[in-house]
Every structure is written in C-alpha cells, then in structure tokens.
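Asker: Next come a sequence and a model predicted from it.
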Amino acid sequence: MNYPEIVRIKEIVEENPYVKSIFIPFSKTIEPGQFIMVLIPGVDEIPMSVSRIKDGEISFTFKRVGDATGKLFEMEIGDVIGVRGPLGNGFELRGERILFVGGGTGIAPLLPAAEKAKHLGKENIIVIGAKTKDELFFVGEMKKLGKLIISTDDGSEGEKGLAADIAERVIDEEKPDMVVTCGPELMMKRLLDICVERGIDFQASVERYMKCALGLCGQCCIGEGLRVCKEGPVFDKDTLIKCSDFGVFTRDASGRRVYFG
Ligand SMILES: Cc1cc2nc3c(=O)[nH]c(=O)nc-3n(C[C@H](O)[C@H](O)[C@H](O)COP(=O)(O)OP(=O)(O)OC[C@H]3O[C@@H](n4cnc5c(N)ncnc54)[C@H](O)[C@@H]3O)c2cc1C
Ligand code: FES
C-alpha cells in the first residue's frame, strides 16, 4: 500500500465544464468515504475520494483548482498515473433515514455512500448544492437513489440558497436518523451544530492538506492530533465537536494556518 500502483486511465467522463471523473482499474476492496492518493507523474501526489465503485474499477471526481488537478484535467484515456490506497476510513451508515448533504466537489464521495445506503434498504434524502447550475454533477445518478433536493447559490437550478440552509429546513421536515456530509468546511460545521442541537447522528468527511497519507508526517492533523489520513477522513459528531479548529482554520503545505470564511 505504501507504493503507488501504476495504472492506465480507462475512461474519462466530463461531469460538467469544470468537473471530470477518471476511471481506473482497481481490484482491492474500497468503502465509500475512503480515498486514494493519485500520483500525477512529474507534478504531485494528491488525495481523491472514491466516487464510483464497480467490479474491478473505481472513479475519482475532481475540479481543476491547481497544478495537479489541472494536469489531470488534460489527461486522456491510456495515460499513466499512480494510485495508493484504499486509505483512511469510510462512512458508517447508521439508522433508517439518512440525509446526505454534498456541496461542490464534496458531492463526489456521497454517490457511492448513497448507493450503499440504498442497497442496505435505507431511505435516502439527498441535498446537493453548487454555486450555479453549471457546477452541479451526479444529478441523474442521485435522483435514482432517493429524494433529491438541489440548491444553487444563484437560484439557477433547484432552490435558491446555501446547501446548509436548505438542509436545515429538510432536517426539520424529514427528521432523518443521521446526516452524512462532505463539502466546504463551514457548511459541514453548520450541519454539525444543527445535529448536536437536535440530537441527530452525524458524520462528515474532512479535508486537510496531505503529504504522506500514511499517518507519519502529522501534516493533516485536526483537533488534538487526529490524523485526517489515518483516523479520518470521516469523523463522527462526538469527535468533531471537540476539534476547536474544525470550521475555523486549516493548514497549508508549510503548516501555516489558513482561516475559513
Ligand atoms: C481525503 C481527501 C479527499 C479529497 N477528495 C477530493 C475529491 O474527491 N475531489 C476533489 O476535487 N478534491 C478532493 N480533495 C481535494 C484535493 O486533494 C485538492 O483540491 C488537490 O490536492 C489540489 O491539488 P492541486 O495541485 O490541483 O491544487 P493546489 O495548487 O495544491 O491548490 C490549489 C488551490 O486549492 C486549494 N487546496 C489544495 N488542497 C486543498 C484541500 N485539501 N482542501 C481544500 N483546498 C485545497 C489550495 O489552497 C489552493 O487555493 C480531497 C482532499 C482530501 C484531503
Ligand atoms: S498526511 Fe502525513 S500524517 Fe496525514
């Protein structure tokens, strides 16, 4: 697991003008919420959540934000990348009614999670949010997995507003047993507070800048020394409520604090 496996890209799906999915061969067992380290030759190695799990292949879904994702965006079928994983823990889907809330590229790991929940016979309610209609993805797939509510900041599709605001209303109407979320940290923090207040079970997939992804370097720590690459990236309500930096700041590659908001 410590060495990347060299694989050829099998398929590329353009989810929208800014987001692509890359399919690669993958024969190991991987759970929704777990991630892989993707080595882009000559550029970088970056964490990516698994976004589809099929027999012998997986996908990861990404937005072009910098050097590594920019290079991935230009890659073609047959190009070579390295893959380490599965890494970290997965979602634990508890209760009978689960509300999934995904914002931006945080929608990606929720697709296999909602698929698994449906397979387990759970009732899914799904809120996906984006800034604008063009930035939404997985709408068709999510529709098949439960009651789907779309939100956009500008109202160009679905309900106008922030995903966290829409989700708060949905929580009060639908009374889910659990909220499972991934997306901007301020959105997840807001949902954490709502779930603590109402006594609802909660899990979030947290992002931190990663280097080794092996639990060695300490770069990805949150709270009192919790390693997002090892103890996470999925954390429960009781753990996150004790992390005073959750929803407040992250750290860049040199360890400097970068405040949210
Ligand atoms: C466990 C985990 C799973 C992830 N899964 C996905 C995924 O499924 N899809 C996806 O698109 N992205 C995902 N990410 C984020 C992704 O790894 C980063 O966006 C990527 O490393 C950026 O690399 P880059 O070289 O393209 O950009 P960089 O040049 O490194 O950064 C460009 C911009 O993005 C910001 N950035 C970089 N890393 C992060 C980060 N971890 N969180 C927030 N902002 C960051 C930088 O501050 C900078 O402003 C995940 C991160 C983690 C920790
Ligand atoms: S990235 Fe090194 S400990 Fe997590």
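Answerer: Happy to help now that I have it. Ligands and ions are numbered 1, 2, ... in the order given.
Asker: hang on, residue 153 packs against residue 131?
Answerer: Yes. Residue 153 is within contact range of residue 131, at 4.8 Å (criterion: Cβ atoms under 8 Å). Every residue, glycine included, has its C-beta placed from N, CA and C.
Asker: Stretch 154-168: end-to-end distance?
Answerer: For stretch 154-168, the first-to-last residue distance is 18 Å (Cα to Cα, to the nearest Å).
Asker: which other residues reach that stretch?
Answerer: The list of residues contacting stretch 154-168 from outside it, by Cβ atoms under 8 Å, 6 or more residues apart in numbering, reads 99, 101-103, 127-129, 131-134, 136, 149-153, 179, 181, 183, 186-187, 190-191, 194.
Asker: Got a quick ChimeraX command for the buried subset of the residues you listed?
Answerer: Selecting only the buried entries of the contacts of stretch 154-168 in ChimeraX, with 16 or more other Cβ atoms under 10 Å as the criterion:
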select :99,101,102,103,127,128,129,136,149,150,151,152,179,181,183,187,190,191,194
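Asker: Just to be sure, residue 111 is in a strand?
Answerer: No. Remark: residue 111 does not belong to a strand; assigned using DSSP: H, G, I helix; E, B strand; the rest coil, it is helix.
Asker: Could you count how many residues lie near it?
Answerer: A count of neighbours around residue 111, defined by other Cβ atoms under 10 Å, yields 27.
Asker: what residues are up against the closest residue to it other than its chain neighbours?
Answerer: Sequence neighbours aside, residue 138 is the residue nearest to residue 111 in space, at 5.2 Å (criterion: Cβ to Cβ, 6 or more residues apart in numbering). With contacts defined as Cβ under 8 Å, 6+ apart, the neighbours of residue 138 are 15, 61, 107, 108, 111, 128.
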